[in-house]
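[1] can you look at this prediction? I've put the sequence above it.
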Amino acid sequence: MRPILSIQSHVVYGHVGNDAAAFPLQRLGREVWPLMSVQFSSHTGYPGWRGRAFDASMIDECVEGLQAIGVLPQCAGLLTGYLGRAETGEAALRALAVLRAANPEAAWCCDPVIGDVGRGSYVTPEVARFFRDRALPAATILTPNAFELEWLTGVAVRTLEEARQAVAALRARGPAIVAVTSLALDETPPETIDILAGDETGFWLARTPKLPIAVNGAGDLFAALFFHHRLDAESTQAALSKAVSSVFGIVAATLHAGRRELALVEAQEELTGPSRVFRALPF
């Protein structure tokens with residue numbers, strides 16, 4: 001498998017950003033080149049966290065270094081998540097341009113980390129606008145959550161049909177594939193959660209039980225796994241089923257362990273062989 005360049009956050013404690021992406025992808029046999037957008041002591045949801053965002057120039061320098069040693073033609077694509085600053089987003093776009101100059105087929109999976117239902121936006125307005133105005137046209141795959149779907153489209157989404165229309169609207173602005181997580185819509189049964197994906201061939205819906213736990217990094221894990229499986233010559237339908245099943249297995253194991261951080265190491269077998277498979281059905 002060809003490697004992925006992953007520009008995301010890094011935390012010392014826990015599993016979010018690159019810490020939720022690198023090990024799972026490596027466990028699946030894919031090399032990852034992690035490049036940190038920030039380094040924090042933990043997820044910012046913890047009181048007393050410390051750390052800082054890196055300068056965008058550091059990303060430019062690291063990409064120049066990869067270019068200098070001639071490895072970029074090997075790279076299958078770019079994965080991005082939490083960026084911290086709009087300037088970091090611009091550096092990610094420059095990295096993508098260099099990567100696509102070396103490999104025109106390189107894909108970009110952009111997880112537009114803006115906010116969440118119940119919390120609202122937790123990035124600066126400049127970062128949110130970067131995702132909407134700059135990232136959308138260049139991305140190959142977009143993986144927003146329910147809040148981010150509404151923010152990026154400017155439309156309230158209450159039904160599955162409205163969600164499908166919103167996915168189509170985002171696709172019309174650039175991404176070939178859009179996968180939306182954490183949907184709780186009028187048709188979503190109580191105690192379940194929906195994940196909807198669409199590409200040029202259609203739409204697919206996966207539904208899982210809603211587990212009574214709030215964990216950090218599940219969206220980061222989903223984006224990495226979905227990107228991996230889609231790159232691995234899988235259809236969008238198959239990639240959605242595999243990613244959703246593994247994420248559910250990891251979160252269920254985290255709940256069983258009574259932890260707040262993803263049980264990635266303890267439940268790593270869920271990455272290669274999920275104990276429960278959720279089919280993605282045409283919608």
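    The structure has been received and is ready for your questions. Numbering: from 1, shown residues only.
[2] lowest-scoring secondary structure element of the chain by mean pLDDT?
    strand 120-121 (a mean of 86; mean pLDDT, DSSP states H and E).
[3] report all helices and strands that the helix or strand following it contacts.
    Next helix or strand after strand 120-121 toward the C-terminus (DSSP states H and E): helix 125-129. Judged by 3 or more Cβ pairs under 8 Å, 6 or more residues apart in numbering; DSSP states H and E, the packing partners of helix 125-129 are helix 86-102. C-beta here means a position set from N, CA and C on the backbone, and glycine is covered the same way.
[4] how about stretch 59-67: buried residues?
    59, 62-63, 66-67 (16 or more other Cβ atoms under 10 Å).
[5] repeat for stretch 218-238
    Buried residues in stretch 218-238 (16+ other Cβ under 10 Å): 218-232, 234, 236-238.
[6] next one: stretch 34-53
    Neighbour-count burial for stretch 34-53 [16+ other Cβ under 10 Å]: 34-38, 40, 42-44, 51, 53.
[7] likewise for stretch 201-217?
    203-208, 211, 215-217.
[8] so of the buried residues of stretch 59-67, which ones are in strands?
    Within these, no residue falls in strands by DSSP state E.
[9] can you redo the residues you listed as TSV with pLDDT and distance to residue 158?
    TSV is the format used below for the buried residues of stretch 59-67 (pLDDT from 0 to 100; distance: Cβ to Cβ, whole Å):
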residue	pLDDT	distance to residue 158
59	97	38
62	98	43
63	98	41
66	98	44
67	98	46
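[10] which of these lies closest to residue 86?
    For those, the residue nearest residue 86 by Cβ to Cβ is residue 59; the value is 13.0 Å.
[11] distance of the closest one from residue 11?
    18 Å (Cβ to Cβ, to the nearest Å).
[12] which stretches of this structure form strands?
    Under DSSP E, the chain gives strands at 4-11, 32-40, 51-53, 77-80, 107-110, 115-116, 120-121, 141-142, 177-183, 192-199, 202-209, 281-282.
[13] tell me which residues are up against the longest one.
    Outside strand 32-40, the residues that touch it by Cβ atoms under 8 Å, 6 or more residues apart in numbering are 3-12, 17-18, 21-22, 25-26, 49-54, 59, 62-63, 66, 75, 82-84, 88, 95.
[14] how far does it sit from the chain's center?
    In terms of Cα atoms, centre = their mean, to the nearest Å, the centre of strand 32-40 is found 14 Å from the chain centre.
[15] report the backbone C-alpha coordinates of that strand in PDB.
    Taking Å, rounded to 0.1, in the frame of the first residue of the first chain, the C-alpha atoms of strand 32-40 are listed here in PDB:
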ATOM      1  CA  VAL A  32       1.800   7.000   7.500                       C
ATOM      2  CA  TRP A  33       3.900  10.100   7.400                       C
ATOM      3  CA  PRO A  34       2.600  12.200  10.400                       C
ATOM      4  CA  LEU A  35       3.200  15.900  10.300                       C
ATOM      5  CA  MET A  36       1.900  17.800  13.300                       C
ATOM      6  CA  SER A  37      -0.200  20.900  13.100                       C
ATOM      7  CA  VAL A  38      -0.200  21.400  16.900                       C
ATOM      8  CA  GLN A  39       1.300  19.700  19.900                       C
ATOM      9  CA  PHE A  40      -0.900  19.700  23.000                       C
END
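[16] just checking: what are the partner strands of that strand?
    Applying DSSP bridges to the sheet, strand 32-40 is found paired with strand 4-11 (parallel), strand 51-53 (antiparallel).
[17] for residue 260, what are its contacts?
    214-216, 254.
[18] and it, what pLDDT?
    Residue 260 carries a pLDDT value of 88.
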